[in-house]
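>>> need the 3D shape of this:
(2 chains)
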Protein chains: 2
Amino acid sequence: MVANSQNLHPLDPDEIRKMDAYWRACNYMSAGMIYLRANPLLREPLRPEHIKRRLLGHWGSDPGQSFTWVHLNRLIKKYDLSVLYIAGPGHGAPATLANGFLEGHYSEIYPDRSYNEAGMLRLFQMFSFPGALGSHCTPETPGSIHEGGELGYSLSHGFGAAFDNPDLIVAVMVGDGEAETGPLATSWHGNKFLNPARDGAVLPILHLNGYKIANPTILGRMSDEELEHTFLGFGYVPHFVEGSDPMEMHQAMAAVMEECVLAIREIQSKARKAGATHVERPRWPMIVLRSPKGWTGPKKVHGHKVENFWRAHQVPVLDPQTDPTSLALVEGWLRSYRPEELFDEGGTLIPELQAMAPKGDRRISANPHANGGNLMQPLDLPSFENYGVQIASPAATYESPTGTLATFLCEVMRRNMTNFRVFGPDETASNKLDGVYAASKKVWLETYLPEDVDGTEIALDGRVMEMLSEHTLEGCLEGYTLTGRHGLLNSYEAFIHIIDSMFNQHAKWLEKSKKELGWRASVPSVNLLISSLVWRQDHNGFSHQDPGFLDVVTNKSPEVTGIYLPPDANCLLSVADHCLRSRDYVNVIVADKQPHLVFLDMEAAVKHCTKGIGLWDWASTDKGVEPDVVLACAGDIPTMEAVAAAAILRDKFPDLKVRFVNVVDLFKLMPAAAHPHGLTDADFDTLFTVDKPVIFNFHGYPTLIHKLCYKRRNHENMHVHGYREKGNIDTPMELAILNTIDRFHLCMDVIDRVPELQKTGASVKEWLRDQITESLSHAYSEGIDKPEITNWTWPTQ
Amino acid sequence: MVANSQNLHPLDPDEIRKMDAYWRACNYMSAGMIYLRANPLLREPLRPEHIKRRLLGHWGSDPGQSFTWVHLNRLIKKYDLSVLYIAGPGHGAPATLANGFLEGHYSEIYPDRSYNEAGMLRLFQMFSFPGALGSHCTPETPGSIHEGGELGYSLSHGFGAAFDNPDLIVAVMVGDGEAETGPLATSWHGNKFLNPARDGAVLPILHLNGYKIANPTILGRMSDEELEHTFLGFGYVPHFVEGSDPMEMHQAMAAVMEECVLAIREIQSKARKAGATHVERPRWPMIVLRSPKGWTGPKKVHGHKVENFWRAHQVPVLDPQTDPTSLALVEGWLRSYRPEELFDEGGTLIPELQAMAPKGDRRISANPHANGGNLMQPLDLPSFENYGVQIASPAATYESPTGTLATFLCEVMRRNMTNFRVFGPDETASNKLDGVYAASKKVWLETYLPEDVDGTEIALDGRVMEMLSEHTLEGCLEGYTLTGRHGLLNSYEAFIHIIDSMFNQHAKWLEKSKKELGWRASVPSVNLLISSLVWRQDHNGFSHQDPGFLDVVTNKSPEVTGIYLPPDANCLLSVADHCLRSRDYVNVIVADKQPHLVFLDMEAAVKHCTKGIGLWDWASTDKGVEPDVVLACAGDIPTMEAVAAAAILRDKFPDLKVRFVNVVDLFKLMPAAAHPHGLTDADFDTLFTVDKPVIFNFHGYPTLIHKLCYKRRNHENMHVHGYREKGNIDTPMELAILNTIDRFHLCMDVIDRVPELQKTGASVKEWLRDQITESLSHAYSEGIDKPEITNWTWPTQ
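Numbers count the residues shown, from 1 in each chain, chains lettered A, B, ... in the order given. I've put the predicted structure just below:
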């Protein structure tokens, strides 16, 4: 099963000569970026003043990456392939930059770095220079959808990019350092979700570069036998290309890569004849490229091994400015690529080498999918209003918000069967989104059993991806949206923290792309639907209770982040529609799956969600005048408790003027100067008053509201209830009470904060305390469960 | 290489009969927990009122887990083994609870659940009941160090527990759902860090239960051939036990497990003869147990397949209270275990079955390592004061904080060579902690090459674990500390977010253990040293800049979380000493690796860190009277900028009264009522005044300071500078300026906030603006780097 084609020699002497020359040009430029601030083509002898003052950059993986790129080029041309390249070792940006420059596309994007000696020099100078270019494949890098600053997501990005792009081959270079991360380690299983009839191909190239920053790599020191077992186990056919002699390696790589491309074509051709619903999971090819770290660089520096060792990770020779031997070493190294043979007088690659690269959109650096916004087709969205819950009056009907959403998503899916996907970590049904299966089931390319017809809901051509790896799903969704398609990931609230770091990285990518890179087209947003919320994880207990993801989100740029807490099913529909239409955001939607009160009919819901924050007249008793107290809330369950509190207050204190405010778009609370969604101070003051107590019932940690509101005039009167990390196996009501977001505690707080009630409210407080005691009563020996929050409706007028 | 012993029949008829009976008792109890609130031993016919009102709990993996436990018991007795059991499918708590109860240990811990019928009933009633017991292996579960509420960490916890416990076998049941997670997928490589001469053994048992909540599992549907390849690839010898017939399965499991135990003993015996520095990486055995989900439970319910299908995940029969057929089905199922043969009149396991369990500490539920605080040996710590930096005057000497710490940690390591470890994701040297290698290098059990002598710093018996997986390291550190040993993990600041969720879960575990479970002994804290800080990731760029982990930490219970921002090397020593002595905390220490000013001599550092917050006289000009402005700071780099600002202000405005306050212990800022470290309002007001402007220079996101301080009287005068998500490839000074934490912006803010200076400070502001412009100047074409923050010292008096 294991292919090994190293005995074949597919390249004729002329082709191998030219390919090696092209590769030398890449390597020359990679090293040049790290070292040179003048004399870019070594027209003069190298002198200390040509060397950058601060040497920064990652050399180690560059030659292996360029080697792969050059061999991809050959096959792109031979078979007219569309190849998206993902640089897992993102630290090796010099390779991507060099290839992009040599293909001419880099200068098309950045005319100031023109395709000549002056442009090359400018690129060299800008590389790893303050205010300029990073040493990773940042958003500024044409051809890149993957920075690689944080390691682990190359393969899942690759699978996401390949989904529904049948003509695309995503060549994913996986670093052997990156391969040690958890997210990468499990993302090999992406092959169980890739349908060869419908999707493109992912060609993983595991680069056994041997070393990380300061250590050998685990995979690099595994034997070929163990590696072969590993990848056969994962369902791939591994092909090994190993060595250090360039000529032998060129022949081996050319043979192996062509074999892989042909295998991919055969798999696809067979599958496409059979059709997407009749494919078998193929054993996709993958390549294990074992080449020296810092290949072709200095072998030894100051007596220490460098090539093929950890010392080649960043800058192989550190002191050429001050040590003449080192300067000579660098010069010798750079001249070993014979730049004078590669570039003409003007600093352009000689024509015979230029001809080695593909043309136009076939250039890897210019692959259209790497700037996927340009390929984006907007979703065909049905009118979400048609999926709303009909209500006769506010707070009288119960409906599951996510269950309602599922009916809408089902139609979204049905209308967009090539550019919309849903992702979930085995929780789509648990989160009551399984209604979407009526349009498309869960994709599954592994074995089927007869019993699967009874509720497993899997299908070869399904469009819902479920895998118990939030990392892989988020990576696929990012890859899918960065290449211009649309999607939504649903997760239990507590466990969305698993991808905190991926969120951070994606938000940073979007911010740079949106704000600073005019050439990057807008891409669909990443939509995260957080369900199975803290307030209904009473039965799962403490480990399942954590609403803190919102805190993480609020640290990222306001221009790429949205947080929505629709109070009911109808508002969720409106919010979901908004998010599916939005671009360049990470939208976080917080909505529970259990049946909850519906407060607003669809018309009111649309109006409310469009404003993002608003006063609910029907739940207020201030009748347009200055209230005694503001009862505010955000989140479906806290809103229900706040509404119930409003009903109690109306009953117990008929003269009390309560203003009821609900927040859907959390960033409305931020100052307008700090967030584009933020209310002006004037609007905020009008809504929340400037001196009345505000009792705020919040879905998450209460301090988040203070974090957003601390600059507001009435902030010191804001008293926020929220999750205070008090939990266990509970009932919903008990959990609410422990954290004081329940109706009773809210009323007690109102009594405590409104001067008038402090005098008259004693007996009501007593009654409230009794309600709390009653709600907390246990009766184990009877085997009787404590009171749930029972169905409850807003009292009729 | 693959062992398959299913043809062997090691159990004689009597033994197999008794083992199966014991297993039936486990399964009976597991099902009883889920269903019964009365009639616990079915002395009467089952009636609807015996059934719990709300059916909650996870049945699916229980029988397989108990099956494994019963077979472990046999070998514990036969070979006098010490076995720690880790339940990866933590949702299967009924199995752990049942076994703990049957072993008698559960009742020793919880006398109210006595070892008789009444106790059994109480356990049944309390299971998944509000205010009582979870359906995961929560801290309340004797014998557990692993809740499993969030999946993915069983194996890394297992490796951590096994390190330096040579006599321990950690049996880790890995769920096939869990196996899909990234953290689990890479933690198989833990075998590359386990030294058989020095450490205990980890015996992974991959439980191919087949299904998750609503899906087949990826590994469950892989062929045996692929699985065999996978685990051979990972360096294990997989043993398969597959089937559903209990008698055949007992024989197979008995044979395989004994083979594994003997293989472990042989590996260890050979290694211990050779010595820890001469071992070879063994091919450890592991077991693939393919048994039906919900094994022995109902095969079909209402016409739908349940056993061996996803429907067995939680409660197999949902309606026995209301449907007589279902009630009969549940009764028939429960009676199929023949409880009358297993338990005597009093409800105690009959003596011949009791004899099947190990005794005393050998009982898995009572294994001392599962309550590791009882085994804890305090660290032998040298006087950290001896490792301090000598300084002649404040802010005149530069030293790397982490480099200084390394000299101390080296001696800590040297003195504690069996119960202290350091962990890092390939960053220990980069974080300048490599000084610790003088005491012990990095553990590495993979291949060695001749060149490794030149700086790879790996050793078979090393005590620093480096793997590019923050998940695996954190899991190992948690496992190590929960079993009573000490350690420290270092990480780049931005990438510590990768383990946000693990932090959350561990903090929750510690909180429950510490506050509610008197029987759990205190364990050493998890110490997280965060370095390569945002302010010195100028060269790595935006993706490496994220100080938001602190925000995550502040959402967890104050009683188990500490955040320390030592301003210099001497303070870091003091803080590190404190953290290494602390118990039951997650301590986060933020300290950079670059050379920074040393502000305090050791005596002052100790005093300052002991207080956690304090006024620095030498940098202040308020001379004991009410100041015009408070200049506050937290974090090494922000402190340096604040000190520089103080120097500028003293120079430019000799009459200005500046009070300089430095914060080490961030929780000092919280109200005393909200955090045990918090300052009283009186103390806070004394330090920060009640009405003067406070310019606060903070290491992280500025809103965090507001989150902590919003209740303080002078809060509205607090103006916080911190990271505002403005970054790129920069110089340190530019990064500081973009985010306004630099000395110049601080001075400008002081001028803007102090009424007197608003009139007189115009020319100084002009000068400050010039400084900023100068610092931001670029000169690409010259290839000249922009100004770094140059060495700088506090002006002499």
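>>> spit out the contact partners of residue A:215.
A:310, B:426, B:442, B:456, B:458, B:466 (CB atoms under 8 Å, 6 or more residues apart in numbering or on different chains). To be clear about C-beta, it is placed using only N, CA and C from the backbone, and glycine gets the same treatment.
>>> just the buried ones from these?
In the contacts of residue A:215, burial by neighbour count holds for A:310, B:426, B:442, B:456, B:458, B:466, counting by 16 or more other CB atoms under 10 Å in any protein chain shown.
>>> of all these, which comes closest to residue A:378?
residue B:426 (43.1 Å; CB to CB).
>>> phi, psi for that closest one please.
The phi/psi pair for residue B:426 (degrees, to the nearest 10) reads phi 70, psi 20.
>>> leaving out the residues flanking it, which one is nearest to it?
residue A:212 (4.3 Å; CB to CB, 6 or more residues apart in numbering or on different chains).
>>> ok, now residue A:539?
residue B:56 (5.2 Å).
>>> show me the domain layout of chain A.
A:13-373, A:384-597, A:612-782 (automatic domain parsing).
>>> got CSV for these, with distance to residue B:529 and mean pLDDT too?
Formatted as CSV, these follow (distance: least, CB to CB, whole Å; pLDDT from 0 to 100):
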stretch, distance to residue B:529, mean pLDDT
domain A:13-373, 17, 97
domain A:384-597, 18, 97
domain A:612-782, 25, 94
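>>> if I pick the residue nearest to residue A:539, what's in contact with it?
A:539, B:34, B:128, B:135, B:314, B:315.
>>> which element is it on?
Under the assignment given by DSSP states H and E, residue B:56 is not contained in any helix or strand.
>>> just residue A:522 next, same as before
Short version, using DSSP H and E: residue A:522 is in no helix or strand.
>>> my guess is it contacts residue A:515. True?
No: Residue A:522 is beyond contact range of residue A:515, at 11.9 Å (criterion: CB atoms under 8 Å).
>>> unless I'm mixing things up, residue A:333 is touching residue A:299, no?
No: with contacts counted by CB under 8 Å, residue A:333 stays clear of residue A:299, the gap being 9.6 Å.
>>> any idea how far chain B is from residue A:308?
8 Å (CB to the nearest CB, to the nearest Å).
>>> also residue A:765?
Counting by CB to the nearest CB, the gap from residue A:765 to chain B is 21 Å.
>>> not counting sequence-adjacent ones, nearest residue to the closest residue to chain B within the stretch 451-600 of chain A?
Relative to chain B, the nearest point of the stretch 451-600 of chain A is residue A:543 (2.8 Å; CB to the nearest CB). Leaving aside its sequence neighbours, residue A:543 sits nearest to residue B:149 (CB to CB, 6+ apart; 2.8 Å).
>>> hang on, residue A:172 in a helix?
No: assigned with DSSP: H, G, I helix; E, B strand; the rest coil, residue A:172 falls outside any helix and is strand.
>>> what's the neighbour count on it?
When neighbours are counted by other CB atoms under 10 Å in any protein chain shown, residue A:172 registers 28.
>>> just checking, it touches residue A:88?
Yes: using CB under 8 Å, residue A:172 is in contact with residue A:88, at 6.4 Å.
>>> what is in contact with those two at once?
A:154, A:155.
>>> helix or strand: which one has the one residue sitting closest to the centre of chain A?
For chain A, residue A:478 is the residue whose C-alpha lies nearest the centre (CA atoms, centre = their mean; 4.4 Å). Remark: residue A:478 resides in helix A:470-482, with elements defined by DSSP H and E.
>>> and chain B, is that helix touching that?
Yes: Helix A:470-482 reaches chain B (CB under 8 Å from any CB of the partner chain) through A:471, A:472.
>>> just checking, residue A:304 touches residue A:312?
No: counting by CB under 8 Å, no contact exists between residue A:304 and residue A:312, whose distance comes to 10.6 Å.
>>> between those two, which has more neighbouring residues?
A side-by-side neighbour count of residue A:304 and residue A:312, using other CB under 10 Å, places residue A:312 first with 28 against 11.
>>> quick check: closest non-adjacent residue to that one.
Using CB to CB, 6+ apart, the closest residue to residue A:312 is residue A:294 (2.5 Å).
>>> tell me the SS of the one you found?
Quick answer, by three-state DSSP: residue A:294 is coil.
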